[in-house]
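> please work out how this folds:
(one chain, ligands or ions: 3)
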Amino acid sequence: ADLVGLDNLVANTAYLKAQQIDRTELRKQRLTLTLPRPKKTSALRTAVGRKYEPLCEQQPIGRKLFQQFLLTSNPTYRAAYEFLEELNAWSFAEDETKEKAKQGILTKFCQPESKSFLSYLTGSDAETCRCLSSTNFDEENLEQIGEATREFLKGKPFLEYLSSPFFYRFLQWKEYEAQKITDRYFYEFRTLGKGGFGEVCAVQVKHTGQMYACKKLDKRKLKKKGGERLALLEKHILEKVNSLFIVNLAYAYDSKTHLCLVMDLMTGGDLKFHIYHLGERGLRMERVVYYTAQITTGILHLHAMDIVYRDMKPENVLLDGKGQCRLSDLGLAVELPQGKMICQKAGTSGYMAPEILKQEHYRTSVDWWALGCSIYEMVAGRLPFKDFREKVQSDEVTRRTLEDECKFMHKNFDAPTKDIVGRFLKKRVGIRLGCRNDDPRNHVFFKNISLHRLEAGLVEPPWVPKPNVVYTKDTAEFRDSSEVKDIQLNAKDEKFFKEFSTGAVSIQWQKEIIDTGVFDELNVPKLDGRDCETSWK
Ligand code: ADP
Ligand code: MG
Ligand code: MG
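Ligands and ions are numbered 1, 2, ... in the order given. From the prediction side, this is the model:
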C-alpha cells in the first residue's frame, strides 16, 4: 500500500511540476524552429478560402496577421482597427474605466480634426459618428458605427490583405498547422480519469509546454464493443464546438493502439466531486448561480448548432484551474436533422426528462430538464426524484419523474432558485423554461451576473481550486484490468482510424501558438509595409 501511495505521489509531482514549466528554457530549445514555406501555395490558398469571418475573425492567427496588416498599411485602416479595439474594451469595462474609455473614443475617433477620425464612414453612419457626445453615447449608435467599420474592412482592406505578405505568412502558419501529429508530439503524465474505452491522462505539447487532457480510446476495445462510429461522432461534434464553456478539442490523432482526443485540461475536478466530497453536501448559492450561468451558456452554444447534449449532470461539468466550468463528455450528444425530432432513449437515470422516459419524440428540451435536476442537486446534494445514496430501481425513479411533484425541502432553496428549478422541471415541454425560443439567462436567478462579461470569461469565479492539489482519485484506482487480445484490426479499420486522425484543430491550435509565445517568436523578420513585395514572391 505504501508503494502504491508513493507511485501516486511521484505521478502527482511530475504532473504539477509540468504545469509550472520554465518558459525561457523552452524558448531556447525553440531557437532552431522556423516557419515552413508552403510547397503548394495556390492549393493552400484555395483550401483556406476567401471568406472574411473565418480568415480575419475566427482563426486567432489570421486575426492577428490581419490586425498587423491594418496597423502598418495607412492611417485610415489603422484608425478602423483601433476603433474596433477600443469599442470592444469600452463594452466590457465598468465604472471609471468605462467613462475613460468613452472619453477616449470621442476625442480620438469622432472629431474631424483628429488624426484617427473615422473618415471612411459615409451617409448616416458618418452623421451618427459626428453626433456622438458624452451625453449622447448610446449602445445602438456605437453598434451601428462598429458594424459599418467591419463592412468597410471586409471590402478593399481585406482584398489588399489577401495579396499582402501578411497573408502569405498566414499560409506559412497553415502549412505548419497541417503537420502530422503522433504521440511523439507530447509528454504524457498521470491518469486523470477513466472512461468506457480507455483512460484520460494529462499530456504536454513538447515544444510549446501547453498542457492538455488526452482521452485515449483503445482501438481493439472500440472494435469489440462496436464503438467506432460513436467515437467518430464524438470527435466530429467536439471539433465543431468553440466555446469557453465546453471542453474544446485541440488535436485528434492515433497511435498504434489508441485513438486520441486532446482537449482542454480541467484541473479543478468535476462538480459531482465538489457537491459530495468536500465537507457538507451541496454548494454555496453563489457558486450554484455562477456555474449554472456558465453551463446554460454552454448548452445554448450547442443548441444554436442543433446539437442536443443529452448527458447534462454535475459529473460531466469540469472545473479548470481558475474555477471556471465547462461541459465535457459529448459522447451522447447528437446533431439534430433540421426541424426533425428524435426518440432514441439516452441519458442517465435521475436526469432523464419525461419525454425521453415515455419514448416520445424530443429535441433540445431534455437538456433543460436535466439542468433543472442539476441545479437542484448542486443546492441540495440529492436529486429531485432520488435521495442521496437511496437504493431505488430506475423504474421507480421513472414513475416519480412522471407523476410526482418536485419538493424543495433543503434550507438553501430561496424563491428565485425554486422558481427556476420549477420552470425547468415542467413535465410538459410546451411550458418548460428554455423550450419556447426563450433565453433562460433572463431569469431573476441570474440577476447578479453580467451576461455580457460572463460570455467573455470576465466574471471572477466565486471559488478557485488550490494550485497544489490534484482534484481526482489516486492513480491506482484507475489501473486498467481488461486487455483485448482476440480482435484483429483490418484495412477497413485502418481507413476509419485515418478518418478520425485529422491532427490539429485550427482555432485551438492557433490559440496555443499565440498563448505560449511561439507566434511572436516565429513571426520574424518583422513584416512591415515596406518589404511586402519582395518577401513574398
Ligand atoms: P467516457 O465518455 O468514456 O465516460 P469521459 O469523457 O467522461 O469518458 O472521461 C472520463 C473521465 O476522465 C471523466 O470522468 C473525468 O474524470 C476525466 N476527464 C475527462 N475529460 C477531462 C478533461 N478535459 N480534463 C480533466 N479530466 C478529464
Ligand atoms: Mg463520462
Ligand atoms: Mg462518454
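> now do the SS call for the residue of the chain most remote from its centre.
If you look at how far each residue of the chain sits from its centre, by C-alpha atoms, centre = their mean, the farthest one is E113, at 43.3 Å. At E113 the chain is in coil, as set by DSSP: H, G, I helix; E, B strand; the rest coil.
> ok, for the residue of the stretch 1-150 of the chain at minimum distance from ligand 1, nearest residue in space, not its chain neighbours?
Taking C-beta to the nearest ligand atom, ligand 1 has its nearest neighbour within the stretch 1-150 of the chain at Y15, 11.2 Å off. All C-beta atoms are positioned from the backbone trio N, CA, C, and that covers glycine. Once flanking residues are discounted, Y15 sits nearest to F189: 4.4 Å by C-beta to C-beta, 6 or more residues apart in numbering.
> then N523?
R169 (7.0 Å).
> the one you found belongs to a strand?
No: counting by three-state DSSP, R169 is not found in a strand; it is helix.
> that one - how many residues pack around it?
21 (other C-beta atoms under 10 Å).
> what about dumping the CA coordinates of the host helix or strand of W173 to CSV?
Using DSSP states H and E, W173 sits in helix 165-177. In CSV, the C-alpha atoms belonging to helix 165-177 read as follows (Å, rounded to 0.1, in the frame of the first residue of the first chain):
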residue,chain,number,x,y,z
PRO,A,165,3.0,39.3,-47.3
PHE,A,166,0.9,39.1,-44.1
PHE,A,167,-1.4,36.7,-45.8
TYR,A,168,1.5,34.7,-47.2
ARG,A,169,2.7,34.5,-43.6
PHE,A,170,-0.7,33.2,-42.7
LEU,A,171,-0.3,30.4,-45.3
GLN,A,172,3.0,29.5,-43.7
TRP,A,173,1.3,29.0,-40.4
LYS,A,174,-1.4,27.0,-42.1
GLU,A,175,1.3,24.7,-43.5
TYR,A,176,2.8,24.3,-40.1
GLU,A,177,-0.7,23.6,-38.6
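> run through who's touching it.
35-39, 41, 44-45, 47-48, 55, 61-62, 65-66, 68-69, 161, 504, 506, 509-510, 513, 523, 527, 531-533, 535-536 (C-beta atoms under 8 Å, 6 or more residues apart in numbering).
> how would you label the residue nearest to Y15: helix, strand or coil?
Assignment for F189 (three-state DSSP): strand.
> distance check, it against F273.
Distance from F189 to F273, counting by C-beta to C-beta, to the nearest Å: 20 Å.
> can you get me a residue count around the closest residue to I514 other than its chain neighbours?
Nearest non-adjacent residue to I514, counting by C-beta to C-beta, 6+ apart: P60, 5.5 Å away. Residues near P60, counting by other C-beta under 10 Å, number 19.
> so P60 is in contact with E512, correct?
No: P60 sits out of contact with E512 when judged by C-beta atoms under 8 Å, with a separation of 9.2 Å.
> list the contacts of the residue nearest to T267 when sequence neighbours are not counted.
Nearest residue to T267 in three dimensions, chain neighbours excluded: G321, at 4.7 Å (C-beta to C-beta, 6+ apart). Contacts of G321 were listed using C-beta under 8 Å, 6+ apart, and they are Q19, T267, G268, P465, P467.
> okay, and which of those map to helices?
Here DSSP state H is the test, and those give Q19 as lying in helices.
> give me the buried subset of the contacts of G321.
For the contacts of G321, a burial check counting by 16 or more other C-beta atoms under 10 Å picks out Q19, T267, G268, P465.
> as TSV, these with distance to ligand 3 would be great.
Listed next are those as TSV, based on distance: C-beta to the ion, whole Å:
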residue	distance to ligand 3
Q19	25
T267	20
G268	20
P465	23
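> could you dump the residues you listed into TSV and include pLDDT?
Output for the buried ones among the contacts of G321, formatted as TSV (pLDDT from 0 to 100):
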residue	pLDDT
Q19	90
T267	95
G268	95
P465	95
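> ok, of those, which one's closest to ligand 1?
Closest to ligand 1, out of all of those and judged by C-beta to the nearest ligand atom, is T267, at 7.0 Å.
> can you show me the helices along the stretch 1-150 of the chain?
2-19, 23-29, 41-48, 52, 60-73, 75-92, 95-109, 123-131, 139-154 (DSSP state H, counting those that start in this stretch).
> checking my notes, V200 in a strand, right?
Yes: counting by three-state DSSP, V200 is found in a strand.
> now for it, how many residues are close by?
22.
> who touches it in this structure?
Counted by C-beta under 8 Å, 6+ apart, V200 has contacts T191, L192, G193, K194, A213, C214, K215, K216.
> ok, now D218?
Contacts of D218 (C-beta under 8 Å, 6+ apart): F197, G198, T257, H258, V484.
> give me the three-state assignment for A250.
strand.
> skipping its backbone neighbours, what lies nearest it in space?
Q508 is the one closest to A250 (C-beta to C-beta, 6+ apart), at 3.9 Å.
> can you pull out the strands in the stretch 201-350 of the chain?
In the stretch 201-350 of the chain, the segments counted as strands under DSSP state E, counting those that start in this stretch are 211-218, 249-254, 258-264, 307-308, 317-319, 325-327, 334-335.
> just the buried residues from the contacts of D218, in ChimeraX please.
This is how ChimeraX selects the buried members of those, with burial counted by 16+ other C-beta under 10 Å:
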select :197,198,258
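> which of the contacts of D218 lies closest to E355?
The closest of the contacts of D218 to E355 turns out to be F197 (C-beta to C-beta; 29.2 Å).
> report the contact partners of that closest one.
L217, D218, K221, L222, K225, G227, A231.
> give me the subset of these lying in helices.
Using DSSP H, K221, L222, K225, A231 are the members of these that sit in helices.
> this protein against ligand 1: which residues are in contact?
For the chain, the residues found near ligand 1 under the criterion C-beta under 6 Å from any ligand atom are 192-197, 200, 213, 215, 247, 263-266, 270, 318, 328-329, 331.
> out of those residues, which are buried?
For these, buried by 16+ other C-beta under 10 Å: 192-193, 197, 200, 213, 215, 247, 263-266, 270, 318, 328-329, 331.
> from the residues you listed, which are also near ligand 3?
D329, G331 (C-beta under 5 Å from the ion).
> SS state for G193?
strand.
> circling back to that earlier point, quick one: which of the buried ones among the residues of the chain next to ligand 1 is nearest to ligand 3?
If you rank those by distance to ligand 3 using C-beta to the ion, G331 comes first, at 2.6 Å.
> out of everything not next to it in sequence, what's closest to the closest one?
Closest to G331 by C-beta to C-beta, 6+ apart is E234, at 5.0 Å.
> the residue lying closest to Q19 once chain neighbours are set aside: what's it in contact with?
Sequence neighbours aside, M211 is the residue nearest to Q19 in space, at 5.8 Å (criterion: C-beta to C-beta, 6+ apart). Residues in contact with M211 (C-beta under 8 Å, 6+ apart) are A18, Q19, A202, V203, Q204, L265.
> just flag the most distant two among those.
Q19 and V203 (11.9 Å).
> does H207 touch L33 like I think?
Yes: applying C-beta under 8 Å, one finds H207 in contact with L33, separated by 7.0 Å.
> which residues do the two both contact?
With C-beta under 8 Å, 6+ apart as the test, H207 and L33 both reach V518.
> quick check: which element contains W463?
Judged by DSSP H and E, W463 forms part of no helix or strand.
> for this protein, what lies in contact range of ligand 3?
Going by C-beta under 5 Å from the ion, the residues of the chain near ligand 3 are D329, G331.
> can I get the ones in helices among the contacts of F197 in a markdown table including neighbour count and pLDDT?
Below are the ones in helices among the contacts of F197 laid out as a markdown table (neighbours: other C-beta atoms under 10 Å; pLDDT from 0 to 100):
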| residue | neighbour count | pLDDT |
| --- | --- | --- |
| K221 | 18 | 94 |
| L222 | 27 | 94 |
| K225 | 14 | 91 |
| A231 | 21 | 94 |
